[in-house]
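Trainee: Build the 3D model from these lines:
(chains A and B)
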Amino acid sequence: MNGRLAQYRVLSCASLARAVYAAAATSTAVVTVEVLAQGLHDQPGRLRSVLQDRIDATDPDEVDAVLLAYALCGGATAGLRARNVPLVMARAHDCITLHLGSRERYDREFAACPGTYWMSRDFLERNRRGDVATLGVSPQGHQDLVDRYGAENAAYLSEVMQGWAANYERLVYLEGAGAEPEEYRAEAHSKAERWGLEIQTRSSDHRLMEGLLSGDWGPEFLVVAPGNQVRLGSAESIVCEQKESMT
Amino acid sequence: MTEIELVREAVIDGDARVTVAQIEAALAGGVDPELILREGLISGMREVGELYESGEYFVPEMLISARAMSAALVVLRPRLASEGVESSGKVVIGTVQGDLHDIGKSLVVMMLEGAGFDVIDLGIDVPPEKFVEAVRSEGAQVVALSALLTTTMMNMGKVVEALDAAGIRDQVKVMIGGAPISQSFADQIGADGYSSDAASASALAGRLVSALGA
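Mentor: Residues are numbered from 1 along each chain as shown, chains lettered A, B, ... in the order given. I've put the predicted structure just below:
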């Protein structure tokens, strides 16, 4: 430890990679980043155990705090326990709050249109699992379903899996701080067209991410002391700290 | 294999066409419609639920089996009605306000119908007052709430509060489910039951109806 600057270890979802790297570059602390695969939240128990293993393996002589570039993520982070150093995360339901920069902005967007499919550069360049939930079936396409379940059932399952688009209204492409490659915008447009959604764009705001990575942990963040756990909070707090004896 | 066992196998296989054909054959052979329902369809879906819990079946298998059962009910229901078979109870179900997702909820609807419940499906993005209104107008014994998002699951508590404010909370049981839901969350908002998957939702509804009558 250099004795001057705080040392943080960030565990980040791939869907936030660029925002994390950008905030790490300007942080007042010494930040080490580990990016984990997108889509682990499909199995909240698995995401929790992947994160807990890394939290447990953190060396307190090297790191002052573990920072989660995650949110509640379908409940996956509820139950995580801080071990030897504090565990810090934003009070947010999902990564979109971290992309938008504040909970208020996220709430406004959600209230205006709950049926929003969010897309970002990270999502497009790091996604390895297809566009939408595939009911646990490998996203190999329609033929895979036909082979498994027969033509009639495959048609039904495809219809069910694509049904979400009928209830959604818009696709919002989140523009990052840097220049966005034209092919990503084009891909977002083409997906919106295919799914019958209105395309919109919003600028990303890394304010919350910068606060997280600079140790500027006001009321928008949850700081869990060593030995304590992250728990589901109220509608207001989203996540809270539960004091418990070590198990 | 008996005619009822063939119905049961067809449901477990998720083959709607064969399930309907076997039911028609069983009815033509004079088999009691209620027996076909209980020992064929419901028993088959119970097996599907067990296969899901053991990790052998996944959501697609549940969906195609539930679809086979729904197709079978179209044929069987008029016969059950003419035989005077009683409903298992009445359930009002919906995805809570702000939530537009319905795969899980629709699966639970099919499971409940298969288990002999009358189901009033209010759809998606349902505000609390609509649940209250439906309980009043339909005389439902159970309100079933679904949510996929942690953002919207908080609205489940608002439904419980609305039922309370309307003075009808003690007339109904509230059950909840969805990806982010847990028993501790159900306890937190004062729901009467929580089901971790569609397969066990109909059994929970049955227990809640019995508890209400007790």
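Trainee: For the rest of this, base every contact and every neighbour count on C-alpha atoms.
Mentor: Noted.
Trainee: what bits of chain A have low per-residue confidence?
Mentor: A:1-3, A:128-140, A:245-247 (pLDDT under 70).
Trainee: what does it have sitting close to chain B?
Mentor: A:72-75, A:93, A:111, A:114-115, A:135-137, A:153, A:156-157, A:160, A:164, A:167-168, A:235 (CA under 8 Å from any CA of the partner chain).
Trainee: near chain A, which residues of chain B show up?
Mentor: B:58-60, B:63-64, B:98-103, B:149-151, B:154, B:179-180.
Trainee: avg pLDDT for stretch B:68-76?
Mentor: Taken as a whole, stretch B:68-76 carries a mean pLDDT of 94.
Trainee: Just the CA atoms of it, as PDB, please.
Mentor: The C-alpha coordinates for stretch B:68-76 follow below in PDB (Å, rounded to 0.1, in the frame of the first residue of the first chain):
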ATOM      1  CA  ALA B  68     -51.200 -29.200 -24.000                       C
ATOM      2  CA  MET B  69     -53.300 -29.000 -20.900                       C
ATOM      3  CA  SER B  70     -55.000 -25.800 -22.000                       C
ATOM      4  CA  ALA B  71     -55.900 -27.400 -25.300                       C
ATOM      5  CA  ALA B  72     -57.200 -30.400 -23.500                       C
ATOM      6  CA  LEU B  73     -59.400 -28.300 -21.100                       C
ATOM      7  CA  VAL B  74     -61.200 -26.800 -24.100                       C
ATOM      8  CA  VAL B  75     -62.500 -30.300 -24.800                       C
ATOM      9  CA  LEU B  76     -62.900 -31.400 -21.300                       C
END
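Trainee: Which parts of it count as buried, going by neighbours?
Mentor: B:Ala68, B:Met69, B:Ser70, B:Ala71, B:Ala72, B:Leu73, B:Leu76 (16 or more other CA atoms under 10 Å in any protein chain shown).
Trainee: Where do the strands of chain A begin and end?
Mentor: A:7-13, A:30-36, A:65-69, A:87-90, A:116-120, A:170-175, A:198-203, A:221-224, A:229-232, A:239-242 (DSSP state E).
Trainee: Break the chain into its domains for me.
Mentor: I went with chain A, as the question did not name one. Segmentation of chain A into domains, based on automatic domain parsing, reads A:7-97+A:206-242, A:103-203.
Trainee: Switch to chain B, please.
Mentor: Split by automatic domain parsing, chain B gives B:3-82, B:89-213.
Trainee: could you give the mean pLDDT of the last one?
Mentor: Read that as domain B:89-213. Domain B:89-213 comes out at a mean pLDDT of 95.
Trainee: Need the residue closest to the centroid of chain B.
Mentor: B:Leu112 (2.3 Å; CA atoms, centre = their mean).
Trainee: Find the helix or strand that it is a member of.
Mentor: B:Leu112 belongs to helix B:103-114 when assigned by DSSP states H and E.
Trainee: just the angle between whichever helix or strand comes after that helix and helix B:103-114, please?
Mentor: The C-terminal neighbour of helix B:103-114 among helices and strands, as given by DSSP H and E, is strand B:117-121. Per axes from the mean of the first three to the mean of the last three CA atoms, to 10 degrees, the angle that strand B:117-121 makes with helix B:103-114 is 150 degrees.
Trainee: Off-centre distance for the helix or strand just after strand B:117-121?
Mentor: Following strand B:117-121 in sequence order, the next helix or strand is helix B:128-138 (DSSP H and E). From the chain centre to the centre of helix B:128-138 is a distance of 18 Å (CA atoms, centre = their mean, to the nearest Å).
Trainee: what angle separates the next helix or strand after helix B:128-138 from helix B:103-114?
Mentor: Next along the chain after helix B:128-138, taking DSSP H and E as the criterion, comes strand B:142-146. Going by the same axes, to 10 degrees, strand B:142-146 is angled at 150 degrees with respect to helix B:103-114.
Trainee: what about A:Val146, how many neighbours?
Mentor: 16 (other CA atoms under 10 Å in any protein chain shown).
Trainee: okay but it is in contact with A:Ser158, surely?
Mentor: No. If you go by CA atoms under 8 Å, A:Val146 and A:Ser158 don't touch, sitting 10.0 Å apart.
Trainee: Quick check, the residue in chain B closest to chain A?
Mentor: Minimum separation of chain B from chain A (CA to the nearest CA) falls at B:Pro180, amounting to 5.2 Å.
Trainee: got the phi/psi numbers for that residue?
Mentor: B:Pro180 adopts backbone torsions of phi -90, psi 0, taken as degrees, to the nearest 10.
Trainee: do you know how far it is from B:Tyr194?
Mentor: From B:Pro180 across to B:Tyr194, the span is 11 Å (CA to CA, to the nearest Å).
Trainee: Of those two, which one has the most company?
Mentor: Ranked by neighbour count (other CA under 10 Å), B:Pro180 and B:Tyr194 place B:Tyr194 first, with 24 against 19.
Trainee: any idea whether the residue nearest to the more buried one when sequence neighbours are not counted is helix, strand or coil?
Mentor: Once flanking residues are discounted, B:Tyr194 sits nearest to B:Ile176: 5.0 Å by CA to CA, 6 or more residues apart in numbering or on different chains. What DSSP: H, G, I helix; E, B strand; the rest coil gives for B:Ile176 is strand.
Trainee: residues touching B:Ile176, list them.
Mentor: B:Ala144, B:Leu145, B:Ser146, B:Met156, B:Ala186, B:Ala191, B:Gly193, B:Tyr194, B:Ser195 (CA atoms under 8 Å, 6 or more residues apart in numbering or on different chains).
Trainee: Mind picking the two most distant members of the residues you listed?
Mentor: B:Met156 and B:Ser195 (14.1 Å; CA to CA).
Trainee: With neighbour numbers in mind, choose between the two.
Mentor: B:Met156 (28 against 20).
Trainee: Between helix B:128-138 and the one helix or strand the more buried one maps to, find me the angle.
Mentor: Element membership of B:Met156 [criterion: DSSP H and E] is helix B:150-165. Interaxial angle of helix B:150-165 relative to helix B:128-138 (the same axes, to 10 degrees): 50 degrees.
Trainee: three-state assignment of the residue nearest to A:Ala111 when sequence neighbours are not counted?
Mentor: Spatial nearest neighbour of A:Ala111, excluding adjacent residues (CA to CA, 6+ apart): B:Gly98 at 7.9 Å. Under three-state DSSP, B:Gly98 falls in the coil class.
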